[in-house]
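Asks: Here is the input, now give the coordinates:
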Amino acid sequence: MICRLPFESLQSFGDPHELIKDENGKEVPFGLYRFNQIIKECYLISKNINTSYNDLMDITPKEKDMMLEFLNDEAKKQEEMFEKQQAKLKKH
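Replies: I've put the predicted structure just below:
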């Protein structure tokens, strides 16, 4: 017999009780959606900072979120520079 603490939740983020809409408008279980989102985030970080996917399994969620924020900021800066260069070329 398993003894559980009174405050212990029997649900994990993978429980399919809550349905949400994904990017395509399809209803999916929250756990599946979040799992796919985490995998995608780790892939994007790994691809952009040239580190292994396995190394990312050792970072905290806060570190992951900060890396994604840094990558997003950098992408915005590069897009702004590209737009400025395009505007400059159109003037000439």
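Asks: Wait, a strand at residue 20?
Replies: Yes. Per DSSP: H, G, I helix; E, B strand; the rest coil, residue 20 lies within a strand segment.
Asks: State the pLDDT value of it.
Replies: With respect to pLDDT, residue 20 scores 84.
Asks: What sits closest to it if chain neighbours are left out?
Replies: Distances taken as CB to CB, 6 or more residues apart in numbering put residue 30 closest to residue 20, at 5.2 Å, once the chain neighbours are dropped. Quick note: C-beta positions are derived from backbone N, CA and C, even for glycine.
Asks: My read is that that neighbour contacts residue 21, right?
Replies: No. The pair residue 30 and residue 21 does not pass the contact test of CB atoms under 8 Å, sitting 10.5 Å apart.
Asks: The two: which is more packed in?
Replies: Neighbours per residue (other CB atoms under 10 Å) separate residue 30 from residue 21, with residue 30 holding more: 15 against 10.
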